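> Got a predicted structure here, sequence first:
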Amino acid sequence: MAAFTYDGLNKQGQNVHGEVVADNSTQAINKLREAGIVVTEMKEKSTKTSTKKSKGKKVSTTEVAVFCRQLAVMLSAGVPITRAMSTLSKQTENARLADAIDTIAKNVESGMPLSDAFKEYPKIFSKLFVAMISAGETGGILEQSLTSLADQLQKEKNLQKNIKSAYSYPKNVGIMALLILIAMLVFMVPIFKKMIPSGVELNALSNAIFSVSDSLRGKPLVWAGSAAAIVVVFILVLKSKPAHVFWENIKLTMPMFGTFITKMVVARFCRTLATLLAGGVTAVDALKSAGPTAGSEKLAAAVEKAIAEIEEGSTISEALDKSGLFPPMVTGMIAIGEESGTLPELLDKVAEFFEEDVDATSRNLRAMLEPIALVVVGIIVGGMLIALYVPMLTASTSMGQQ
């Protein structure tokens with residue numbers, strides 16, 4: 001992506017000047033034309049200026065949430081949107097976010113709609129963010145939309161924290177077990193091998209361990225290259241849609257983790273849908289944004305199918321219930337919300353319930369996985385030690401009989 005400065009005329013015939021980000025000048029002109037600006041002159045910014053946003057760390061969810069709250073406060077105080085954003089760009093510590101805010105402020109000042117300006121930075125501002133900003137612009141409730149966004153982003157951050165907490169322990173134990181196994185093969189096994197007298201018959205497991213140890217010590221680069229190749233191939237295969245769907249189906253049916261993942265996905269979907277509906281987004285548009293951001297391809301496909309049924313006259317609860325992915329509690333609360341006109345509030349309560357459930361489940365999973373992981377490590381280490389000691393015991397017994 002490159003940054004371009006431009007001069008042009010807006011819909012009112014006024015001269016405007018600003019900056020736009022695009023892959024090339026043609027795309028930049030098309031974007032400005034869609035925003036109602038006729039370009040009279042355009043120049044690509046110099047490398048030093050345009051690469052500013054490439055510097056600095058990745059923008060975190062917390063930083064975006066703080067930006068939303070600060071902007072909402074400044075708008076409530078009567079500060080114009082462009083001035084508020086220019087001020088925030090100067091006090092934002094993250095260089096990438098500061099540069100994005102500054103460019104957005106200039107584009108808005110030049111006549112570009114606020115939601116379109118935010119859409120220029122998809123890696124920082126999500127589809128949910130843009131949808132909420134668009135709804136706030138249209139309904140004249142931008143301040144409320146920003147506050148709702150900040151709340152949503154913070155709750156999303158807490159949900160991600162619980163998810164990481166559940167997965168971190170088994171992942172760390174698995175890495176430690178692998179490192180212990182490699183260390184034993186490289187350093188311990190050769191010592192045991194020297195202690196075994198020649199001519200002693202080795203069992204299949206001991207022979208396999210010695211062979212792997214010799215190969216690992218003799219050809220470390222081959223092993224490292226093979227491991228790297230396997231990881232790369234696995235990642236590439238997993239990125240393909242059929243493999244991704246297959247892996248997701250496995251995850252959703254896994255013991256313990258399947259229920260946890262389902263609750264997590266439903267919680268995120270309900271929270272996002274509640275936020276969008278409360279912000280004034282129509283039900284269909286809200287579902288279009290909430291489905292893909294839930295973190296499940298299977299749920300996104302089910303929501304897409306439900307949208308088609310809703311457009312044909314079906315209710316939201318009926319359409320989602322047919323997918324079989326949503327617990328009866330969710331579809332039941334949605335049905336009540338549709339009938340009573342309190343759908344955003346009820347969805348918010350459902351999301352809160354599942355988020356608390358995910359929090360409790362993550363703690364329970366950690367408590368269950370800790371002893372299981374330790375047992376697995378013990379089996380690996382103990383099994384290898386037994387396989388190494390057996391030949392020595394066999395040799396000792398043979399010498400005793402002689």
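That came through, no problem. Residues are numbered from 1 along each chain as shown.

> Now do stretch 322-334: distance from first to last residue.
14 Å (C-alpha to C-alpha, to the nearest Å).

> mean confidence for it?
Computed over stretch 322-334, the mean pLDDT rounds to 88.

> I124 against D99, yeah?
No. I124 is not in contact with D99 according to C-beta atoms under 8 Å; the separation is 10.0 Å. To be clear about C-beta, it is placed using only N, CA and C from the backbone, and glycine gets the same treatment.

> Tell me which of those two has more neighbours.
Counted by other C-beta atoms under 10 Å, I124 and D99 do not tie: D99 has more neighbours, with 24 against 21.

> the strands in this protein, which residues?
For the chain, the strands defined by DSSP state E occupy 2-9, 15-22, 38-44.

> now the ones you listed in JSON lines, with distance to A228, mean pLDDT and mean neighbour count?
Formatted as JSON lines, the strands of the chain follow (distance: least, C-beta to C-beta, whole Å; pLDDT from 0 to 100; neighbours: other C-beta atoms under 10 Å):
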{"stretch": "strand 2-9", "distance to A228": "33", "mean pLDDT": "77", "mean neighbour count": "19"}
{"stretch": "strand 15-22", "distance to A228": "35", "mean pLDDT": "78", "mean neighbour count": "19"}
{"stretch": "strand 38-44", "distance to A228": "38", "mean pLDDT": "77", "mean neighbour count": "13"}
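
> Could you find the closest non-adjacent residue to K119?
V130 (5.1 Å; C-beta to C-beta, 6 or more residues apart in numbering).

> Have a look at the protein and report the helix or strand with the lowest mean pLDDT.
The weakest-scoring helix or strand in the chain, judged by mean pLDDT, DSSP states H and E, is helix 47-50 (a mean of 41).

> Might one say that the residue nearest to K119 is in contact with A117?
No. Using C-beta under 8 Å, V130 is not in contact with A117, being 9.6 Å away.

> quick one: which of the two has more around it?
The neighbour comparison of V130 against A117 (other C-beta under 10 Å) goes to A117, with 28 against 20.

> before we move on, back to that, would CSV of the strands of the chain with distance to G136 be doable?
Putting the strands of the chain into CSV (distance: least, C-beta to C-beta, whole Å) gives the following:
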stretch, distance to G136
strand 2-9, 26
strand 15-22, 21
strand 38-44, 27
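
> can I see the domain layout of the chain?
Following automatic domain parsing, one gets these domains for the chain: 2-125, 257-358.

> end-to-end on the shortest one?
In terms of C-alpha to C-alpha, the two terminal residues of domain 257-358 are separated by 11 Å.

> for it, the distance to its chain's centre please.
19 Å (C-alpha atoms, centre = their mean, to the nearest Å).

> Stretch 233-245 now?
Distance of stretch 233-245 from the chain centroid (C-alpha atoms, centre = their mean) equals 16 Å.

> What about A373, how many residues nearby?
18.
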